[in-house]
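>>> fold the following for me, if possible:
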Amino acid sequence: MRSVIACFLLLLPTALRADQPNVVIVLADDQTWNDSGCYGNRDVKTPNIDQLAEAGMQFTRCFTATAMCAPTRQQLYTGIFPIRNGAYPNHSQVKVGTRSIVHHFRQLGYRVGLSGKKHFGPQKSFPFENLTTDGDLDLAKIQEFVKRDDSQPFVLVVTSHSPHLPWSEGDPTKYDAEKLTVPSYLVDLPATREALTNYYAEITDFDREVGDVMKAIDDHGHRDETIFIYTSEQGAQFPHGKWTCYDNGLRTALIVRWPGHVKPGSRSSAMVQYVDILPTLLNAAGVKPAAIKTGLPGAPNGGSGFDGYSFLPVLLGNNKSHRDYVYGAHTTRGIIQGTWNYPIRSVRSRNFKLIWNLNYTERFRNILTNSAGKEDYWTAWKKAAEEGDEHAQKLVNMYRTRPEYEFYNLERDPDELDNLAEDPGYAQPIQKLKAELSAWMEQQGDQGIATEDAAKPHRTQKEPD
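Next comes the predicted model:
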């Protein structure tokens, strides 16, 4: 029956093909990239994510360009980095005329639906079929969408609200705070362990949602013809995570299951970015991504195409590498109680990371650091620092006050706690990364502080006196 639809769509740029796969993307909300069992966290319980990894390819070096929700989602859906698409502050929207995954796949004859969190705009750029009830996942609507018409392929995007704060879902009694392993980028205090307990409980509840969606696909007989993707979005709302350009903010989990095409239980260390996912999916559907018009000028090739490019050869086992560099761009103007103007840019190779804090003389702050009167882990960290805890002092100080440049040797220091920017032994790689970052910013039309000034501030932000 798909061939009948193909005849009907002959006038489209690319006709529907009988072998075009369905696509399912399940997206977490603020889950640090390695906080699942298959990514090495021995504490958190994620049986469904782990099962998916056994059935597909697990990427160990996938990155978003901005560690906050709206910019991350909109770069994923458009294949365009945040500054070029316009959605670089949080709570922001892409430029009018921007085309997304919905337009590109509908043009191929797909139906495209979304269940869960949106956090994008304007609506004309993201005209998903709405499968959401009161902002939450609706499994019944997901099941109806999946089984509606076997003759028409579909794209289904499922966007959970977990494990975003306030970490109120799931059962924290399944975790023993005293037995948890506290990462080195956190301060090991009772308040931190309690926070991790609640956070892990919500990850486990999200894992249940992943399992529900997997079951809906498999029970309706779509497993073999579906590209099923789980990805973790940006890092959790801990210091050194969300709202930063450190790896625990920008790095994201990515698992792709595609029976008959992707080798089960495989792992890839190829560096990929969220902007590469849409071109890859279109490529898998038989389209040449370079022929797609995104609605925006300024693409790397000088046209109106994607910033990302397909890593389908990696998925199919034909290539082991993809990008030489991945990039980050953070703005505080859209963050609740964020610093008025604190742009951060970054570039990463396989082994090194350069971070540029453009307005480094200001203090970095947000709702996390403005915790006056609260009994939370950040307050406990500050108290410990004041009482002489050297690790707490280091983490609190480096989060709030930063130098202009940070440089990390990721092989020796994966948590990015030892800044080598002033080490003369790294002068050559530092200069190379500065040149790469400058070239990327120029291609994106990124003017640094001026670009930050052009961003709309959050309603809680006040311009400094």
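
>>> how about the strands of this structure, start to end?
Under the criterion DSSP state E, strands of the chain are mapped to 22-27, 57-63, 111-116, 129-130, 154-159, 226-231, 251-257, 266-268, 272-273, 326-330, 344-348, 352-357, 405-409.

>>> could I get those strands in TSV, plus columns for mean pLDDT?
Putting these into TSV (pLDDT from 0 to 100) gives the following:
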stretch	mean pLDDT
strand 22-27	98
strand 57-63	98
strand 111-116	98
strand 129-130	97
strand 154-159	98
strand 226-231	98
strand 251-257	98
strand 266-268	98
strand 272-273	98
strand 326-330	98
strand 344-348	98
strand 352-357	98
strand 405-409	98
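
>>> need the ones you listed in JSON lines with distance to residue 217 and mean neighbour count, can you?
For glycine as for every other residue, the C-beta is placed from the backbone atoms N, C-alpha and C. Shown next, in JSON lines, are those (distance: least, CB to CB, whole Å; neighbours: other CB atoms under 10 Å):
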{"stretch": "strand 22-27", "distance to residue 217": "6", "mean neighbour count": "24"}
{"stretch": "strand 57-63", "distance to residue 217": "17", "mean neighbour count": "23"}
{"stretch": "strand 111-116", "distance to residue 217": "13", "mean neighbour count": "22"}
{"stretch": "strand 129-130", "distance to residue 217": "17", "mean neighbour count": "14"}
{"stretch": "strand 154-159", "distance to residue 217": "8", "mean neighbour count": "24"}
{"stretch": "strand 226-231", "distance to residue 217": "6", "mean neighbour count": "24"}
{"stretch": "strand 251-257", "distance to residue 217": "10", "mean neighbour count": "25"}
{"stretch": "strand 266-268", "distance to residue 217": "20", "mean neighbour count": "17"}
{"stretch": "strand 272-273", "distance to residue 217": "23", "mean neighbour count": "26"}
{"stretch": "strand 326-330", "distance to residue 217": "30", "mean neighbour count": "27"}
{"stretch": "strand 344-348", "distance to residue 217": "33", "mean neighbour count": "25"}
{"stretch": "strand 352-357", "distance to residue 217": "37", "mean neighbour count": "23"}
{"stretch": "strand 405-409", "distance to residue 217": "39", "mean neighbour count": "20"}
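
>>> ok now the longest helix anywhere in the chain, how far from the chain's centre?
Using DSSP state H to define each element, the chain has its longest helix at helix 190-219. Taking CA atoms, centre = their mean, to the nearest Å, one finds the center of helix 190-219 at 17 Å from the center of the full chain.

>>> that older thread, compare the strands of the chain and give me the one nearest residue 138.
strand 111-116 (5.9 Å; CB to CB).

>>> if we can go back for a sec, which neighbouring elements make contact with the longest helix of the chain?
strand 22-27, helix 47-55, helix 139-147, strand 154-159, strand 226-231, helix 377-386 (3 or more CB pairs under 8 Å, 6 or more residues apart in numbering; DSSP states H and E).

>>> out of the ones you listed, flag the one nearest residue 444.
Proximity to residue 444, assessed across these by CB to CB, is greatest for strand 226-231 (22.6 Å).

>>> which strands and helices sit next to the closest one?
Judged by 3+ CB pairs under 8 Å, 6+ apart, strand 226-231 is in contact with strand 22-27, helix 47-55, helix 190-219, strand 251-257, helix 274-284.

>>> now the second one: average pLDDT?
Confidence over helix 47-55 (mean pLDDT, whole number) is 98.

>>> next, the angle strand 226-231 makes with that helix.
Counting by axes from the mean of the first three to the mean of the last three CA atoms, to 10 degrees, helix 47-55 lies at 120 degrees to strand 226-231.

>>> give me the distance from helix 47-55 to the chain's centre.
For helix 47-55 - counting by CA atoms, centre = their mean - the centre lies 19 Å from the chain centre.

>>> flag every buried residue along it.
For helix 47-55, burial by neighbour count (16 or more other CB atoms under 10 Å) applies to 48, 49, 50, 51, 52, 53, 55.

>>> how about the longest one?
Of the residues in helix 190-219, those buried under the neighbour-count criterion (16+ other CB under 10 Å) are 191-207, 209-214, 216-217.

>>> residue 368: which of the strands of the chain is closest?
strand 326-330 (14.2 Å).

>>> what helices or strands is the closest one leaning on?
strand 57-63, helix 247-250, strand 272-273, strand 344-348, helix 427-444.

>>> so which of these comes closest to residue 377?
helix 247-250 (15.5 Å).

>>> helices or strands up against the closest one?
Counting by 3+ CB pairs under 8 Å, 6+ apart, the packing neighbours recorded for helix 247-250 are strand 326-330, strand 344-348.

>>> again, 7 Å this time
Here helix 247-250 touches no other helix or strand, going by 3 or more CB pairs under 7 Å, 6 or more residues apart in numbering; DSSP states H and E.
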